[in-house]
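Peer 1: sequence unknown, structure follows:
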C-alpha cells in the first residue's frame, strides 16, 4: 500500500495539472457523481473553498479544502473567480479567492461548471419549473403505498424540501400536479364560489386580488388539496379530488366556481361521500331538475340566489330587474315546493344545487 | 462466482484516475526499488508531523529484537496536553505491502485521532521484505511495542491504555502483533484498529480475483508482497499466523477490534472473514465495509465523502474505547 503518494493536494499547478483536472471531472461525470462531489473536487483541486449558488434551482452549497461541507449565508464576492452554468447565465460556481484565476483555476471552473450543469439537468430539470411537470415523480409523491424514502426522493427531485408544505392539485383535464405552498397564490373572494369559512385566509399574500387563482394553477376546473408536509400529499390528493367534484364550468349550463379549495369546503365536503354519481337523485334534486327543465333562465337564477349575499346582488348577477327576479322566484318556488327566499329555504336550495352537481355521472 | 467487480464510488473513481500513473494497481518484484524511491514516499519527508505545532516530534532509536539492529520509533506527543496524567498511546504500524514505506507513511491519520483525543502516537519503523523476510518485520513491530509499554513513563504515556493500529500491511502486522502479545503474554493492548488489513497470504478469495488489475493493490501486487515476505512458503501449508493472521486457528482472547475495508478491493473478503471469525471466537469486533471504496481510499483521498465517513467511524470507535 502506498498511501499519500497520489493525494490530490499534491497536484502541481502546471500544464500537466490541467490535463489531470479534465480527467478528474470527466470521471466524476461518467460515474454520475453528485453536486457535492463536484464542488468538493473544485475546492480540493483549486486549494480554496468553493461554492455553488444557483438561485433558480434552489441549489446552495459550499465545500472547504478538507472536503467538508460548510454552507454559509454570506453572498459570494463578485471579485472572486467564477463560472456560469450556461453561456449567457449568471455566475453560479465560485472560487473563494481574490485575484485573477490561474490557468488551472480556469480549467477547474470550466470543467466543473459543465459537469454540474449535466447533473442539474438530470436531477432538477433544465428549467426550475420543468421538474414539477414530471408526471412519474408527481404520481410517486401522491401514492400512499410508495415507501416514504422513495416519496421523499421524488419530492427532492421536484425541488420540494421534506419540511416544505405543498398542495396536491387535481385538474379536471390533465395529470395531477403538486405545487409548493409558497408558489400557490391563494384565491381571492369570487362571486359564485362556495362560501369560505372564517379564518380561511391561510396566509394568502396581500394583493392577491386578481380575482382568480394564481398563475401556478392549471386552467380549467381544478380541485386544490390542503397544504401539507410532502409526506402528507396522498391525503391532500384525496381531498383535491373531492374538491374537484365541487367545481363547475362557470357557464350558464354549469354555473359555479372553476377552482375549489378542499380546506374551504368545510362540512359541505361531507356531501361528496353521500352522493354517488349516477345514482337515483334525492327528491330535492329531482324537484330541482324539473324546475331547471321548465325555463332556460332557471339554473343561473337559482345559482345566483344561492351564492350571492342578497336578492339585489342576485338580480345584478343574472342581469334582470329586481321585480323580474321576484317574479321568477315565485315561479321557481311553486315548482320546487319550498321557499328560496328564507334562510332555511336558501340552504335547502344550496344543498340541492350541490347534490345535483355531485350526482352528475 | 462472478468476476464482475463492484463499482467504485464516483468520487473515488475520479481520484483513481488521477493517481493511476503514480500508483498502478500492479506491483512486481522488479518495481519495488523504483517505487520505494518514487514521489509517494519522498513526499512524506515534507509532511508537517507537528500538525501546525500541536505535536512535539522525536525520532527515538530503541533496541530491536535480539541479535537484530536497533529500530527507530517516531514519537509524537501533544505539545500542550489537556491533562497532567499519562496519555493513551496509539501504536502505529505503517503500510506498504510489507515491501514499502517507513514510519511516516499513514501516520497523519493517527495524528489526527491523537489530536482529537489527546493521545501520544508511536509509529514503528520495521525492516522491509524481501531483504528482510518474515519474521523480521513482525519482530521489529513487537520489539517497538515492548519498548513503548516498558518506557511509557518517559513519553508521558499510560502503558495500560495502548491501542495498536495500522493500515494495509500495517493492519496485518497489527493483527499479528495482537496474536503474538496474547500468546507470549505480553502487554495487553486495549484495542486493535485494522484498516484494510493484509491478512491472508493465500491471495485466493473471490475479491482478489474480482479486483485483478483494478485499484491500487491488486492480486499481482498482493502476490509480490506476500512472496517477498514468505518466499516459497507463500500460500503453502506452513505459514505462521504471526505472518498471516488469517492462518490463525484460534482467534479467542484478543483485544476488541475495529476493522474496515472497501467493497471494491482485494482484501474485502479476507477482512470480512476475519471479523466473522473474531465474533465466532466470542470476541468483540466492529466491521465497516465501505461501498465502492478502493484499497486505502481514506488515505489517498481523505477529502472524499466516503473517506470522511470512514474517518468519523474510526474516531468514534477510538473515543468509545478510550472513554473511561
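Peer 2: Done, it's in. A quick note: this is a predicted structure, and the numbers were derived from the prediction, not measured. Numbering: from 1, shown residues only, chains lettered A, B, ... in the order given.

Peer 1: wouldn't residue B:264 be in contact with residue B:211 here?
Peer 2: Yes. Taking Cβ atoms under 8 Å as the definition, residue B:264 is a contact partner of residue B:211 at 6.6 Å. Yep, even glycine has a C-beta here, placed from its N, CA and C like the rest.

Peer 1: Where do the helices of the stretch 101-250 of chain B begin and end?
Peer 2: Counting by DSSP state H, counting those that start in this stretch, the stretch 101-250 of chain B has helices at residues B:107-117, B:136-150, B:169-183, B:206-210, B:219-230.

Peer 1: ok, and which of these has the densest surroundings?
Peer 2: Ranked by mean neighbour count under mean count of other Cβ atoms under 10 Å in any protein chain shown, those are led by helix B:169-183, which reaches a mean of 26.

Peer 1: so what does that one touch, helix or strand wise?
Peer 2: Applying 3 or more Cβ pairs under 8 Å, 6 or more residues apart in numbering or on different chains; DSSP states H and E, one finds that helix B:169-183 contacts strand B:87-93, helix B:136-150, strand B:157-167, strand B:191-195.

Peer 1: Strands along the stretch 251-361 of chain A, start to end?
Peer 2: Under the criterion DSSP state E, counting those that start in this stretch, the stretch 251-361 of chain A contains strands at A:259-261.

Peer 1: ok, now chain B?
Peer 2: Along chain B, counting by DSSP state E, strands occupy B:55-62, B:71-78, B:87-93, B:120-124, B:157-167, B:191-195, B:257-262, B:285-290.

Peer 1: by contact count, what packs against the last one?
Peer 2: Where contact means 3+ Cβ pairs under 8 Å, 6+ apart, strand B:285-290 is packed against strand B:257-262, helix B:268-280, helix B:305-322.

Peer 1: Determine the three-state secondary structure at residue A:220.
Peer 2: coil (DSSP: H, G, I helix; E, B strand; the rest coil).

Peer 1: residues in contact with it?
Peer 2: A:171-174, A:258 (Cβ atoms under 8 Å, 6 or more residues apart in numbering or on different chains).

Peer 1: Just the buried subset of those, please.
Peer 2: Buried by 16 or more other Cβ atoms under 10 Å in any protein chain shown: A:171, A:258, out of the contacts of residue A:220.

Peer 1: restrict the contacts of residue A:220 to contacts with chain B.
Peer 2: Contacts with chain B are made by none of the contacts of residue A:220, judged by Cβ under 8 Å from any Cβ of the partner chain.

Peer 1: Now do the contacts for the residue in the stretch 51-200 of chain B positioned nearest to chain A.
Peer 2: When scored by Cβ to the nearest Cβ, the stretch 51-200 of chain B has residue B:168 as its residue closest to chain A, at 3.3 Å. Under the criterion of Cβ under 8 Å, 6+ apart, the contact list for residue B:168 reads A:1, A:3, B:95-97, B:195-198, B:217, B:267, B:295-296.

Peer 1: Now render the helices and strands packed on helix B:169-183 as CSV, adding mean pLDDT.
Peer 2: CSV is the format used below for the helices and strands packed on helix B:169-183 (pLDDT from 0 to 100):
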stretch, mean pLDDT
strand B:87-93, 98
helix B:136-150, 98
strand B:157-167, 97
strand B:191-195, 98
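
Peer 1: closest one to residue A:227 among those?
Peer 2: Proximity to residue A:227 (Cβ to Cβ) singles out strand B:191-195 among the helices and strands packed on helix B:169-183, at 49.5 Å.

Peer 1: That closest one and chain A in contact?
Peer 2: No. Judged by Cβ under 8 Å from any Cβ, strand B:191-195 stays clear of chain A, getting no closer than 9.6 Å.

Peer 1: which of the helices and strands packed on strand B:285-290 sits most buried?
Peer 2: When the helices and strands packed on strand B:285-290 are scored by mean count of other Cβ under 10 Å, the highest mean neighbour count falls to strand B:257-262 (a mean of 26).

Peer 1: so what does it touch, helix or strand wise?
Peer 2: Going by 3+ Cβ pairs under 8 Å, 6+ apart, strand B:257-262 lies up against strand B:191-195, helix B:268-280, strand B:285-290, helix B:305-322.

Peer 1: what's the closest of the ones you listed to residue A:335?
Peer 2: For residue A:335, the closest of the helices and strands packed on strand B:257-262 is helix B:305-322, at 74.4 Å, according to Cβ to Cβ.

Peer 1: how deep is residue 119 tucked in, by neighbour count?
Peer 2: Using chain A. Other residues within reach of residue A:119, judged by other Cβ atoms under 10 Å in any protein chain shown, total 18.

Peer 1: Hmm, no, I was thinking of chain B.
Peer 2: 26.

Peer 1: What sits closest to it if chain neighbours are left out?
Peer 2: Leaving out its chain neighbours, the residue that sits closest to residue B:119 by Cβ to Cβ, 6 or more residues apart in numbering or on different chains is residue B:88, at 4.5 Å.

Peer 1: Wait, that neighbour touches residue B:157, no?
Peer 2: Yes. Contact criterion Cβ under 8 Å: residue B:88 and residue B:157 qualify, at 7.3 Å.
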